[in-house]
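Colleague: quick one: sequence plus predicted model below, questions after.
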Amino acid sequence: MSRKIIVGAAQLGPIARSDSRRVVVGRLIELMREAKARGCDLVVYPELALTTFFPRWYFEAQDEVDTWFERELPGPDTQALFDEALRLSIGFYLGYAELTEQGGRVRHFNTSVLVGKRGELIGKYRKIHLPGHTENEAWRPFQHLEKRYFERGDLGFPAFQAKFNEHQGIFGMALCNDRRWPETYRVLGLQGVEMALIGYNTPLHYAQVPEHDHLQAFHNHLSLQAGAYQNGMWVVGVAKAGIEEGCDLLGQSCIVAPTGEIVSMCSTVEDELITESCNLDRCREIKENVFNFELHREPDTYRLIVETKGAIKPL
Ligand code: ING
């Protein structure tokens, strides 16, 4: 059996600080139409896909920070995207900044949603691994204030059963820095996830360790490929790319097979769609063999190792 779904990775080029959501949504719709024309059942956009990557600046006033957030989705500026997806009958993953009332107070999350081809909300994920810092650090060429503007996600790494065509699959979501942490994929993998969708905004310059700048593409693919292979899942990594407000963002959006092979990759740092027919049944090649968790992974062993953390014997 081959449960094939055709997936589109819709990489975005730079979004200017002055670009309205309406202008950006127009670009998302163009990519969605191209995806449909190329037979896609599902299209994946980057993290924070509606605006420029605003955590690169320090904003003193909360009301200015809040202008980067969506109070509702779909809202007046994003309804056109949801309407077009419904008209085209295509599912999508969208990263955005979520502002919501929860527990009697205003909350701010770096969020992604998975929307079905009938416009239904299949699931939501809120970014757990928030990189960067909380205070303005003048020594940096640009800030990375995700820890200031977002709360850590409170939804865990949920798995969702969904059908984007006649085939049912198990899907998971993550956002950017999450993709660097093996726990992200393992928690999804333990739930049987067959495809992980991950948008990212990754500057080439890593101010703390500039000698690693030339390794950003390597670390990106290393993380995505390892996560895919070690959990037997497809991984779709989608960038906001190019020089955005003077900050050079990594592109190289790609689709990774459960074997860890990159089967398709963007070759520009602009709006670019890549597509792949992903056979979800290929996950079994890995999940039922080399990374058969039931057969080869004894959770008790790990508990033992963790509990004996003082096990490192002095010389
Ligand atoms: N961006 C970057 C990412 O994890 C980063 C932050 C860059 C961390 C380079 C470490 C090294 O890809 C986001 N938005 O998480």
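Modeller: Yep, that arrived.

Colleague: got the contact list for the residue positioned nearest the centre of the chain?
Modeller: Computing the C-alpha centroid of the chain and ranking residues by C-alpha atoms, centre = their mean puts I198 first, at 2.2 Å. Contact analysis of I198 by C-beta atoms under 8 Å, 6 or more residues apart in numbering lists M173, A174, L175, C176, D178, R179, L224, V235, V236, G237, V238. No exception for glycine: its C-beta is placed from N, CA and C like everyone else's.

Colleague: now those in JSON lines, with distance to the ligand?
Modeller: Converted to JSON lines, these look like this (distance: C-beta to the nearest ligand atom, whole Å):
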{"residue": "M173", "distance to the ligand": "14"}
{"residue": "A174", "distance to the ligand": "10"}
{"residue": "L175", "distance to the ligand": "7"}
{"residue": "C176", "distance to the ligand": "3"}
{"residue": "D178", "distance to the ligand": "8"}
{"residue": "R179", "distance to the ligand": "7"}
{"residue": "L224", "distance to the ligand": "11"}
{"residue": "V235", "distance to the ligand": "14"}
{"residue": "V236", "distance to the ligand": "15"}
{"residue": "G237", "distance to the ligand": "10"}
{"residue": "V238", "distance to the ligand": "12"}
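
Colleague: out of the residues you listed, list just those in helices.
Modeller: L224 (DSSP state H).

Colleague: distance of F92 from the ligand?
Modeller: Distance, F92 to the ligand, by C-beta to the nearest ligand atom, to the nearest Å: 20 Å.

Colleague: look at that residue and give its secondary structure.
Modeller: strand (DSSP: H, G, I helix; E, B strand; the rest coil).

Colleague: bridging residues for it?
Modeller: V43, V115 (DSSP bridges).

Colleague: didn't it look like it was pressed against L42?
Modeller: Yes - F92 is within contact range of L42, at 6.7 Å (criterion: C-beta atoms under 8 Å).

Colleague: as a check, name the ranges of all helices in the stretch 151-300 of the chain.
Modeller: With DSSP state H, counting those that start in this stretch applied, the stretch 151-300 of the chain shows helices at 182-189, 216-231, 283-285, 293-296, 299-307, listed in chain order.

Colleague: now the helices: where do they sit in the stretch 1-150 of the chain?
Modeller: 21-37, 62-65, 79-88, 146-149.

Colleague: so which bits of the first one are buried?
Modeller: When you say that, I think you mean helix 21-37. Residues of helix 21-37 classed as buried: R21, V24, V25, R27, L28, I29, L31, M32, R33, E34, A35, K36 (neighbour count, 16 or more other C-beta atoms under 10 Å).

Colleague: please enumerate residues in contact with that helix?
Modeller: By C-beta under 8 Å, 6+ apart, the residues outside helix 21-37 that reach it are 8, 10, 12, 15, 43, 45, 49-51, 77-78, 80-81, 84-85, 88-90, 92, 94, 271, 273, 275.

Colleague: got it, and the third one?
Modeller: When contacts are taken as C-beta under 8 Å, 6+ apart, the neighbours of helix 79-88 outside the stretch itself are 22, 25, 28-29, 32-33, 36, 74, 91-92, 94, 115, 117-119.
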